[in-house]
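Asks: Sharing a model that was predicted from the sequence below.
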Amino acid sequence: MDGVVDASITLTGVVERVNGTFVPCSQPIIAGFRVYLLTQFVPTDMTSQGAPESLGMQRLYAFDLRARLMDRIHTVWFYNLEMEGRRSQQTRTTGSDPGIIPPIVMYYQGVIYINNVGPQASRRFSGRDKQPYASTLWAFRDNGNDTQLLFKKSCWYGPMAMYDTYNDLAQSQKRGDSSEPLFSARGRVKEHRLEEDAVIWVLNRSPALIAGHSARDGSVIGQLNLAGVSKIEGWATSKMGVTRLFANSTKDIIVIGMQNSDGEAFLVAVEVDRKAPNNASLVFSTKVGSADLLHRMNSRQEKHSRDKQGKEGPRNAKPHVKSVGTHTQHLASTMYSVAGQIVNVAIPAEKRKASNRARGLQGISKWKLGVVALVEESGPSYSKLHAAAVF
């Protein structure tokens, strides 16, 4: 790889007799050699008749990436998301207008899900924060050469997550548990592989709520109040991670970062029954960001570095915090929050025996399961990141 542009494409088009370009408005989704991209229309000349009304019209594209001399980025199909209202360009303001909120796109077994406020969507205000926003949940099935709109439902705007069964299905194929092919001829997961009770979890940051939507029809099957389950009066700050104790479990474990009113950060895990999402139980709630916590952790790490025979560190769902910045100042106004994506991890709980290593055997019977996240520390004139792990 040398960084040279391999191929490019310009998405010009005409909307209501207005010339313009469709520009990306979300991250691309890549599934095999197929790429899905949500775009919005920008007129070439905003002074032309009809230009303000066509501004922001959204279109979902599907491309194939091909290793050949011509047409390396091949447009397979596109779908226009309808404009649900009309507003002029003058009403679009920077910073507070829902029209600039980026859509959230997710792919799951041949279906593209879009949580999309859109340029014409309404907004509901909350007493504490800018959330929640009224949004729309779209679902499109990729049929190969065209697409099908599966549903369009009202929802909250916020991060989405599902338990990804791709690895479970692939392992099932390797073991010979199923005689059915996992993939279609075009390399996408077949429709019948979608779990019967698959749930799309949608997060509302403030107040901290999670709604469960059916992956088949978008209907709301339950809601979860994170503050009530975790006993943390605050709001969600991170994306969601979804895991299970075993592949065929009817319960999902949702891991999320929260911040309380004192500016302290927590990693929270709740177990939710997909058949009854209103019933949830707390798996753990661990503080991973506060001035006193970091002081204790830094003191412990310094002692460990001085003592070569020291212990390995805290265990049993206690946080391991490592600074990845250089600033050491802690002020009363310092705030902590879990930022970005939370990652599931598994590490061996015990070392392999020497005899097993010599024979090339795995020799690992016990694993420690946990999650890793970034904790942002921010003060009046600085910010830094810490890596936190909970096992």
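Replies: Thanks, I have it. Residues are numbered from 1 along each chain as shown.
Asks: element containing the closest residue to residue 139 other than its chain neighbours, please.
Replies: Of all residues beyond its chain neighbours, the one nearest residue 139 is residue 150 (4.1 Å), with distances taken as CB to CB, 6 or more residues apart in numbering. No exception for glycine: its C-beta is placed from N, CA and C like everyone else's. Using DSSP states H and E, residue 150 sits within strand 147-156.
Asks: and that strand, what's its mean pLDDT?
Replies: Average pLDDT, strand 147-156: 94.
Asks: what does that strand contact?
Replies: 60, 62, 77, 79, 111, 115, 131-141, 202-204, 209, 211, 213, 216-220 (CB atoms under 8 Å, 6 or more residues apart in numbering).
Asks: Quick one: mean pLDDT over the helix or strand following that strand.
Replies: Downstream of strand 147-156, the next assigned helix or strand under DSSP H and E is strand 160-161. The average pLDDT for strand 160-161 rounds to 94.
Asks: Strand 160-161 packs against which elements?
Replies: With contacts taken as 3 or more CB pairs under 8 Å, 6 or more residues apart in numbering; DSSP states H and E, strand 160-161 sits against strand 104-108, strand 199-204.
Asks: Using a markdown table, please lay out those together with distance to residue 287, mean pLDDT and mean neighbour count.
Replies: Formatted as a markdown table, these follow (distance: least, CB to CB, whole Å; pLDDT from 0 to 100; neighbours: other CB atoms under 10 Å):
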| stretch | distance to residue 287 | mean pLDDT | mean neighbour count |
| --- | --- | --- | --- |
| strand 104-108 | 28 | 93 | 19 |
| strand 199-204 | 20 | 93 | 24 |
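Asks: hmm, back to that, mark which of the contacts of strand 147-156 are buried, thanks.
Replies: Among those, the ones that count as buried by 16 or more other CB atoms under 10 Å are 60, 62, 79, 111, 115, 131-133, 135-141, 202-204, 209, 211, 213, 216, 218, 220.
Asks: circling back: now tabulate the helices and strands packed on strand 160-161 in JSON lines and tack on distance to residue 260.
Replies: JSON lines is the format used below for the helices and strands packed on strand 160-161 (distance: least, CB to CB, whole Å):
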{"stretch": "strand 104-108", "distance to residue 260": "25"}
{"stretch": "strand 199-204", "distance to residue 260": "17"}
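Asks: Residue 27 is nearest to which of those?
Replies: Among the helices and strands packed on strand 160-161, strand 104-108 comes nearest to residue 27, with 6.5 Å by CB to CB.
Asks: Quick one: list the elements packing against the closest one.
Replies: Checked by 3+ CB pairs under 8 Å, 6+ apart, strand 104-108 has strand 29-31, strand 34-43, strand 111-116, strand 160-161 packed alongside it.
Asks: What is the neighbour count of the spatially closest residue to residue 335 that is not a sequence neighbour?
Replies: Spatial nearest neighbour of residue 335, chain neighbours left out: residue 263 (3.8 Å); criterion: CB to CB, 6+ apart. Residue neighbour count, defined by other CB atoms under 10 Å, stands at 18 for residue 263.
Asks: try the one 3 residues further on
Replies: By other CB under 10 Å, the residues close to residue 266 number 26.
Asks: Next, it: secondary structure please.
Replies: Following DSSP: H, G, I helix; E, B strand; the rest coil, we place residue 266 in the strand state.
Asks: who's it bridged to?
Replies: Beta bridges link residue 266 to residue 258, residue 287, judged by DSSP bridges.
Asks: my guess is residue 160 meets residue 210, correct?
Replies: No. Applying CB atoms under 8 Å as the test, residue 160 and residue 210 come out as separate, 10.5 Å apart.
Asks: Between the two, which is the more surrounded one?
Replies: When neighbours are counted by other CB under 10 Å, residue 160 and residue 210 differ, and residue 210 comes out ahead with 26 against 22.
Asks: For that one, give its distance to residue 225.
Replies: Taking CB to CB, to the nearest Å as the measure, residue 210 falls 8 Å from residue 225.
Asks: sec struct for residue 52, please.
Replies: helix.
Asks: mind checking how far it is from residue 19?
Replies: With CB to CB as the criterion, residue 52 and residue 19 are 14 Å apart.
Asks: Tell me which strands the strand holding residue 150 pairs with, and in which orientation.
Replies: Paired strands of strand 147-156, with direction, are strand 134-142 (antiparallel) (DSSP bridges).
Asks: Give me the contact list for the strand it pairs with.
Replies: 34, 36, 60, 62, 79, 81, 110-118, 121-124, 147-158, 188, 191, 200, 202, 213, 215, 218.
Asks: Show the buried residues in the residues you listed.
Replies: Judged by 16+ other CB under 10 Å, buried ones among those: 34, 36, 60, 62, 79, 81, 110-118, 121, 123, 147, 150-151, 155-158, 188, 200, 202, 213, 215, 218.
Asks: residue contacts, residue 26?
Replies: Applying CB under 8 Å, 6+ apart, the residues near residue 26 are 37-38, 102-105, 114.
Asks: least confident pick among the residues you listed?
Replies: Of all those, residue 102 carries the smallest pLDDT score, 86.
Asks: Tell me, how many residues neighbour that one?
Replies: A count of nearby residues for residue 102, using other CB under 10 Å, gives 13.
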